[in-house]
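Novice: mind looking at a prediction? Sequence and model below.
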Amino acid sequence: MMGKKRVWLFLCVFLAVFLILTNILLGLMEPRFYIKTAGKAIDTPKIGISGKIIEVQSPENITYSLGDKYHYLISLDVSANFEVKDWKYDLIDARHENTINKNALFTPGKEIEVSRWENKLIVHAFDEQGEVANKTVEFFVASPDSFPLINYLNSTIYICEGDSLGYNFTVSDPEEASNNGPIETRIEPLALFYILPWQKWLLNGQKNATFQIFSEKLTKENAGGVDNGFATYNRIIQVNDGRYSSLNKTVIRVIEINNAPEIHRIGVKTEVMKWKGENALSYSANVFDREDGNQDSGNLKFTIDFGEEDLFGISPNGVMEFVFNENNFGIYNITVCASDTGIENPDLNIKEVCGQTGGDQTSCTNFSLTIAKTNNPPTITDFYPKDLELEASSESKFYFNITMFDPEKTAPDVYWYVDEKEVEYYSGIDSIGGFAQLVYTFGCGADSHSVKARITDGLANDTIEWKVKVNSIKCEKSQEECSEKWFCENWKVCQNLKKTLGAGILSDADYRTIQDGCAANKWPEENCGFQIRGCSDISSCNTSFIMPEKLQRCYYTENPNCEDGIKNCHSRDCEFLTDCGGPCKPCPTCYDGMQNQGEEGVDCGGPCYVLCENEEKPIVKARAPLSYFLTALVIILFVIIGLKIAKISRLRKEIEMEVS
């Protein structure tokens, strides 16, 4: 009986020792995070100066799989056959040729953050004399494909009435869209606010792309109407990289402002004394206010200022009336102002965003009034150029000026016209020493122009005119002159190319372009189709330097739907990815509350940035080939030992039976 116990004890001890040695050997042979060899071996000498050697145990020349999609950490384990004073390393993002760290101090065993994809690590070991030995390791960091991420998109975007929205946000994609496709964005609903660029955007090796939510100039109605204070617009921003999609929600808040009254020009006035009858004057201040109406609404407050002694007043509807006599002879510089009442319910953010409180606003206009016994017309006494017929290049600046005189000392108003269109106005009050000028460039187009200066005291005028012959050039707008901002409707449903032949929908050139595109995609003729859409430039540049495509090829199917495996348009909307988004069910995301798109849990793991609660970063992904051999050897030994034990047990029973 004691012999049997000794045999079992020996076998247990032997097996325990063997398993311990096997596990130690497996640990030495099996690298952490190992998936496959990177392929390229680094033939870097291990020996530094004077036979000094350093070794890098981690990282190795292999591919690592790291679970954290934001930070990739690897232990930097090194050793040397000499006493090292300082350890330093250089880390290079080899794919983008970008140096991440240069001569960074570290202690062996420290975790360092590396880049995704190709990495080049150079380790330096310095001894007491400052001599150095180096070792280089190249390795690859792999990470599962993940969904594109929308950045810098606030939950609320503020914009003021009267402004055009131009709000920038970015989309980042760790894969740089190289594994899937270009970045595509969409704003829903597609009304009032749009996204630039409108086309699918290739990242071209960059991790981020910038997009802009933009709009036309926003009106009072866009802000909710008079005295509403604001209006809000709920918008969904969607983005996809051809495989995964993401979305963010934002609220665009258009804040109402109080617009200042627009008071029309009154202009210089001259009144001549009549010796018979009543000498009465009557002027009206014509005003328009976006919130409070015109001068007759009763909502505006008028004031009048003569600087010194007031001559007459102004009524609540902006009328100035006065009966004058010889005691009132003189020149009066008058300022008339109109004030509104402000808006009733200003938004709480109006001061910070729009720079006003929404309170009352005032606008003013100046004019000169001369009351005299008689009136003599003003005169242009000098002018430049002296030659009234000119010739020059269309791109040249032309300088015109006049000097004027009025016998009654009235400061005349000055009007400048180019081709009978007013281009400049000077109030007599604002003129300096009876001098006025115009600087003008004619540009492209017509080769003959007229430039006219007219002065007036309110009763009499004087005029001078130049004839200008320009060496004209053809009008060709440049992209810098006007910034195009295009937006497009959704694509229409895909139409069959062959069936529309002869319907006049496409030109011959467009027909051949679609036909060639289908052939390039190897689509059957019966599935060759095209789509059209409408596009508009909110800047109204009347140019098409960056006009979007209004026609594209598409894969035609008779009854497009949400289950045909084709990304198409139907039901007055377009799918965002194949069979999802638009008229179909929402595309899966990493925050939709469902486990989908290869997630390892609900909205975690797989393509999502969030790790599942019980999910650990992968430490060992596969065993080295030798580890499989040793494992098989252990199993074989177990089988042999089991057979031996069975044989010994059978022999013992036979011996015991013979003895008994």
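Specialist: Nice, I can see it. As the structure is a prediction and not an experimental result, all values here were calculated from the model.
Novice: mind checking which helix or strand residue 187 is in?
Specialist: strand 184-188 (DSSP states H and E).
Novice: no wait, residue 650
Specialist: Using DSSP H and E, residue 650 sits within helix 625-659.
Novice: so who does the nearest residue to residue 292 once chain neighbours are set aside touch?
Specialist: Distances taken as Cβ to Cβ, 6 or more residues apart in numbering put residue 299 closest to residue 292, at 3.7 Å, once the chain neighbours are dropped. Placement of C-beta: from N, CA and C, glycine included. Contact analysis of residue 299 by Cβ atoms under 8 Å, 6 or more residues apart in numbering lists 289, 292-293, 340-341.
Novice: look up how far residue 412 lies from residue 463.
Specialist: 12 Å (Cβ to Cβ, to the nearest Å).
Novice: I meant to write residue 285 there.
Specialist: Counting by Cβ to Cβ, the gap from residue 285 to residue 412 is 21 Å.
Novice: can you check residue 278 too?
Specialist: 27 Å.
Novice: tell me which of these two has more neighbours.
Specialist: Set side by side, residue 278 and residue 412 show more neighbours around residue 412, with 29 against 8, by other Cβ atoms under 10 Å.
Novice: show me the contacts for the more buried one.
Specialist: Applying Cβ under 8 Å, 6+ apart, the residues near residue 412 are 268, 378, 404, 406, 428, 431, 455-457.
Novice: could you redo the last one with a cut-off of 10 Å?
Specialist: 268, 270, 368, 377-380, 404-406, 426-428, 431, 434, 436, 454-458, 460-462 (Cβ atoms under 10 Å, 6 or more residues apart in numbering).
Novice: and these, which are buried?
Specialist: Among the contacts of residue 412, those buried by neighbour count (16 or more other Cβ atoms under 10 Å) are 268, 270, 368, 378, 380, 404, 406, 426-428, 431, 434, 436, 454-458, 460, 462.
Novice: those helices in the stretch 251-400 of the chain, which residues are they?
Specialist: 350-354 (DSSP state H, counting those that start in this stretch).
Novice: strands of that one, residue ranges please.
Specialist: 262-263, 269-272, 280-284, 287-289, 293-294, 301-305, 319-323, 330-339, 362-372, 379-384, 389-393, 397-405 (DSSP state E, counting those that start in this stretch).
Novice: turn these into a markdown table, columns for distance to residue 513 and mean pLDDT.
Specialist: Shown next, in a markdown table, are the strands of the stretch 251-400 of the chain (distance: least, Cβ to Cβ, whole Å; pLDDT from 0 to 100):
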| stretch | distance to residue 513 | mean pLDDT |
| --- | --- | --- |
| strand 262-263 | 51 | 97 |
| strand 269-272 | 67 | 96 |
| strand 280-284 | 63 | 96 |
| strand 287-289 | 51 | 97 |
| strand 293-294 | 55 | 96 |
| strand 301-305 | 65 | 97 |
| strand 319-323 | 67 | 96 |
| strand 330-339 | 60 | 96 |
| strand 362-372 | 56 | 96 |
| strand 379-384 | 58 | 96 |
| strand 389-393 | 42 | 84 |
| strand 397-405 | 46 | 93 |
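Novice: which of those sits most buried?
Specialist: For these, the largest average neighbour count (mean count of other Cβ atoms under 10 Å) is found in strand 287-289, namely a mean of 22.
Novice: quick one: which of the contacts of residue 299 is nearest residue 388?
Specialist: residue 289 (43.8 Å; Cβ to Cβ).
Novice: wait, doesn't the closest one sit right on residue 318?
Specialist: No: in this structure, residue 289 is not within contact of residue 318 by Cβ atoms under 10 Å, at 11.6 Å.
Novice: where do the contact lists of those two overlap?
Specialist: 263, 295, 300, 338.
Novice: just the closest of those to residue 526, please.
Specialist: Nearest member of the shared contacts of residue 289 and residue 318 to residue 526, counting by Cβ to Cβ, is residue 263, at 68.3 Å.
Novice: so where's the stretch 501-650 of the chain shaky on pLDDT?
Specialist: 614-635, 637-639, 641-644, 646, 648-649 (pLDDT under 70).
Novice: now the helices: where do they sit in it?
Specialist: Under DSSP H, counting those that start in this stretch, the stretch 501-650 of the chain gives helices at 508-520, 625-659.
Novice: and the shortest one, what does it pack onto?
Specialist: Looking back up the chat, that one is helix 508-520. In terms of contacts (3 or more Cβ pairs under 10 Å, 6 or more residues apart in numbering; DSSP states H and E), helix 508-520 is packed against strand 528-532, strand 551-555.
Novice: tell me the angle the first one makes with strand 551-555.
Specialist: Orientation note: strand 528-532 sits at an angle of 140 degrees relative to strand 551-555 (axes from the mean of the first three to the mean of the last three Cα atoms, to 10 degrees).
Novice: what lines up beside strand 528-532 in the sheet?
Specialist: Here strand 528-532 is paired, per DSSP bridges, with strand 495-496 (antiparallel), strand 551-555 (antiparallel).
Novice: among those, which is nearest residue 304?
Specialist: That would be strand 551-555 among the strands paired with strand 528-532, by Cβ to Cβ, at 62.4 Å.
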